[in-house]
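Engineer: Sequence first, then the predicted structure, then my questions.
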Amino acid sequence: MARQFANTALLIAGSLAVASAAFAGVLPEDRADALYHRYEGGGITISGPSVLVRKKIGEQFSISANYYVDMVSSASIDVMSTASSYTEKRTQYSLGVDYLRGKTTWSAGYINSTESDYKAKTGYFSVSQDMFGDLTTVSLGFSRGQNDVLRNIKTAQGKINDPAFARTADSRSYSVGVTQVITRRLLGSVNYELITDEGFLNSPYRSARFADPTAPAGFRYESEVYPATHTSNAVAVRLKYSLPWWRASLDGQYRFFTDSWDIKAHTLQLGYTHPLGRSWIIDGSARYYKQDAASFYSDLFPRANAQNFRSRDKELATYDALTLGVGVAWEFRIQRAPWLDRGTLNLRVDHMMVNYDNFRDVTKGPSAGQEPLYKLNSNIIEFFVSAWY
Amino acid sequence: MNFAKFRTLSLAVLAACAVLVPGPATEAAADPQGPAPNFKLPLRGSGKDLSLSQLRGQVVMLNFWASWCGPCRQEMPLLESIQKKYKPLGFTMVGVNVEPDSAEAEKFLKQTPVSFPVAYDRDSSVSKLFRVRGMPSTVIVDRKGNTRMIHQGYKPGDENIYLDQIRSLLRE
Amino acid sequence: MRPARYLALLVLGLPVLTACAPIEPWVKPYEREKLADPIMAFERNPVSATYLDHVFESREGARGASGSAGGGCGCN
């Protein structure tokens, strides 16, 4: 739980930073969005709101603020193997500002994420520059996160932070991107991001397992040990094409990822956007993800302390995942509200299917290392209202 | 890749650009920049054509715009108020719409009507003739038919730049 | 030079090294109609794109390099 939110806060910082400087010669539009999100799969349900408000101040500044909550109710495979189900709430606030001067947009922001056992603070800064007659946009970004990792324990008073456990994790990311208008109908972009973390990078709750013939189940648990540093590189290429035959757009994206933990991952995403009439837009997408395991990952180690670093986190396993999504948007105007330029109602559903090559479902016995490989299917639902003013 | 390589990569990206401050949005000439090229375009509404030479004797402001261009839409009501105020003094605004398909422009003008002539440059020939470098683009032509100012883009406050130029040309 | 300091310098210096002007744009400003269409935006709904990125990133080993700036009408 802990590690993923550190990365996520950084990632959110990165995408907010870059998305906010969306068109370097013009500030982003004033708009407000209220989203209800829901993830259901693998025994976990995470739902909550995300409210985003953006407003120009004068002609050079644009401010944005986001309030986001994850309400987690978890009886996941990790949790059921070694613990009992739990509920958790994570609250995140972010604030960002964009400053436009000529062809340059400067952006900065701050994100604060809090849950009972993890506190993440991230700051980001980026600059975006239009060049070559506004055909090229170059962006540079930087973010820094400082996180406090705690551990909850059950006491007579209920769940409290273990006073004997307080760790930190520090994150930095550097990104560079170039977006290029290739033809009247074709837009392309290349993005590179370097992320380094150091500190306590694993979850305080998860355990690795090792084969032990003396144990009734054939295995025992031991603590996970992660390296204290993690450096990763990701490079992504994206193309967006406006169809010549009818009004629609095609989107293709490929990302290659490698890191110091020996993980290699490929992400391929295709999307199609089709407006219907004046008020409707349909989106469809398919995303394929393939990952090779971290060097210190194993579902079942041969013995205790088999390696210096060890993890049984399925997020570090070898697996592939296919996610198919469909979205529908309806645009409306309200005559009685002239301050409202337009609004949209949106519904999007994604279905994610994950097949693990080397992570087994321990709850399905019988013999250690022979359990069926785990499969995870989940549904991601988004319902949101947007208003432009 | 480590930080040192990132540093080299990013420096290379920036070094690829010549050190050139972007040109100012407004090029105003103390001396005339030469005669504005003549053109003939279909007018919106009537079946007639508009040619720039017909307007000699008036101060003319050509505004190149499109319905898909946010700042162009933002500027339109201000252009209409400039037209209303200065038309009696020998001025005319001319909107030059650059879209190949005029349907969206018509829709926009129904919502934001203007009293000045709007011409359709559907094949971009006039945009090319005036070497339009930004959207919107404004060209101000004096009574003798010479180009006196070219301005790119629109930010609130730019109308003052137009008004200064128009007033001084009306006095000539 | 430390990365953070270097990046700060780079970011502040970026606007100075601007506008490689000599190259004539091959897509003229008045030809950007399709690019200005909202369906050609890389992220039409940032609140949704950010959420989906978060869903994937918190479940995968890979992270980073999402989000792009640029495109659009090229106005001003």
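Structural biologist: Received, thanks.
Engineer: residue boundaries of the helices in chain B?
Structural biologist: Applying DSSP state H to chain B gives helices spanning B:3-15, B:70-86, B:103-111, B:125-129, B:158-171.
Engineer: quick one: the shortest one to chain centroid distance?
Structural biologist: Translated: helix B:125-129. 12 Å (Cα atoms, centre = their mean, to the nearest Å).
Engineer: Whether that helix contacts chain A - can you check?
Structural biologist: No: against chain A, helix B:125-129 shows no contacts by Cβ under 8 Å from any Cβ of the partner chain, the least distance being 13.8 Å. In short, each C-beta sits where N, CA and C put it, glycine included.
Engineer: Chain C: helices as residue ranges?
Structural biologist: Under DSSP H, chain C gives helices at C:3-13, C:33-36, C:46-57.
Engineer: In contact with residue B:66: list those residues for me.
Structural biologist: Counting by Cβ atoms under 8 Å, 6 or more residues apart in numbering or on different chains, residue B:66 touches B:72, B:97-99, B:105, B:135, C:30, C:33, C:36.
Engineer: how about 10 Å then?
Structural biologist: By Cβ atoms under 10 Å, 6 or more residues apart in numbering or on different chains, residue B:66 lies in contact with B:72-73, B:96-99, B:104-105, B:108, B:135-136, C:29-33, C:36, C:73, C:75.
Engineer: Just give me the neighbour total for the residue nearest to residue C:26 when sequence neighbours are not counted.
Structural biologist: Ranked by Cβ to Cβ, 6 or more residues apart in numbering or on different chains and with sequence neighbours excluded, the top spatial neighbour of residue C:26 is residue A:135, at 7.4 Å. For residue A:135, the number of neighbouring residues by other Cβ atoms under 10 Å in any protein chain shown comes to 23.
Engineer: Surely residue A:135 and residue C:70 touch.
Structural biologist: Yes: here residue A:135 lies in contact with residue C:70, judged by Cβ atoms under 10 Å, at a distance of 8.9 Å.
Engineer: Which residues are in contact with each of the two?
Structural biologist: Common neighbours of residue A:135 and residue C:70, counting by Cβ under 10 Å, 6+ apart, are A:179-181, A:187, C:35.
Engineer: Most neighbours among these, which one?
Structural biologist: Going by other Cβ under 10 Å, residue A:179 tops the shared contacts of residue A:135 and residue C:70 with 28 neighbours.
Engineer: For residue A:60, give its distance to chain B.
Structural biologist: 9 Å (Cβ to the nearest Cβ, to the nearest Å).
Engineer: What helix or strand is the closest residue to that residue other than its chain neighbours located in?
Structural biologist: Spatial nearest neighbour of residue A:60, excluding adjacent residues (Cβ to Cβ, 6+ apart): residue A:100 at 5.3 Å. For residue A:100, the element it lies in under DSSP states H and E is strand A:86-101.
Engineer: now that strand and helix C:46-57, what's the angle there?
Structural biologist: 130 degrees (axes from the mean of the first three to the mean of the last three Cα atoms, to 10 degrees).
Engineer: Which strands border strand A:86-101, and is each parallel or antiparallel?
Structural biologist: If you go by DSSP bridges, strand A:86-101 pairs up with strand A:61-74 (antiparallel), strand A:104-115 (antiparallel).
Engineer: If anything else comes up later, I'll come back, but that's it for now.
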